[in-house]
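**Student:** the following block contains a protein sequence and its predicted model.
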Amino acid sequence: MSFYLRKATIEDAQDILRWRNDPATRENSFTKNKISLMSHMNWFGRKLADENCHIFILMDGEKKVGNIRVDVTDEVGEISYMIAPDARGKGYGKKIIALLEEELRQEETGVKTLTAFTLKENMASARCFEVNGFSCEDAGDSLCYSKSI
Ligand SMILES: CC(C)(COP(=O)(O)OP(=O)(O)OC[C@H]1O[C@@H](n2cnc3c(N)ncnc32)[C@H](O)[C@@H]1OP(=O)(O)O)[C@@H](O)C(=O)NCCC(=O)NCCS
């Protein structure tokens, strides 16, 4: 199998919106409202242009199976990610985090620590960070995962 990350482009906007608006994604997000096309396009365009933001698509061969984003502030990269609804439960969530770490080391982005906030009930996401060696702290409503890379 050939899994790899590639940089996201504006052509990925529609797929990412579809994945963002999937009910399980909204349920596991800190803001629950459905995202409009206009608001998504404004946000996605800004993120693509932001040099402190890195967005990648996980490819399995020719198929797009998920995306992962890192927003960098002072050497700390905060992760946000999701797997396409029809590709969940097949190990891609664990894989996308591992590949992100490799990518950030190769790109010399200056990221020294990765963090991620997950809702406490998001067991699948918790497992993805645990398997990748992140440590976990209670952050009230959420769990904060972190790892030095
Ligand atoms: C969370 C998410 C990224 C996980 O990706 P995935 O590809 O489905 O996860 P994987 O197939 O790699 O499985 C991860 C682990 O979670 C486990 N898991 C899956 N669903 C679970 C559940 N409901 N309860 C407990 N464990 C669960 C799997 O068994 C696997 O564990 P294992 O290694 O012990 O077998 C994906 O489900 C998703 O996109 N969800 C919606 C968006 C989201 O929640 N993003 C993260 C916000 S922090």
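**Tutor:** On my side now, so go ahead. Residues are numbered from 1 along each chain as shown.

**Student:** where in this structure is pLDDT low?
**Tutor:** Within the chain, the stretches with pLDDT under 70 are 1.

**Student:** so which residues of it form strands?
**Tutor:** 3-7, 53-60, 63-73, 76-83, 113-119, 135-139, 142-148 (DSSP state E).

**Student:** okay if I get those strands as a markdown table plus mean neighbour count and distance to the ligand?
**Tutor:** C-betas here are computed from N, CA, C, even on glycine. Formatted as a markdown table, those follow (neighbours: other Cβ atoms under 10 Å; distance: least, Cβ to the nearest ligand atom, whole Å):
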| stretch | mean neighbour count | distance to the ligand |
| --- | --- | --- |
| strand 3-7 | 14 | 12 |
| strand 53-60 | 20 | 9 |
| strand 63-73 | 18 | 7 |
| strand 76-83 | 20 | 4 |
| strand 113-119 | 19 | 4 |
| strand 135-139 | 11 | 12 |
| strand 142-148 | 17 | 9 |
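
**Student:** to Thr25, which of the ones you listed lies closest?
**Tutor:** Closest to Thr25 of the strands of the chain, according to Cβ to Cβ: strand 76-83, at 5.3 Å.
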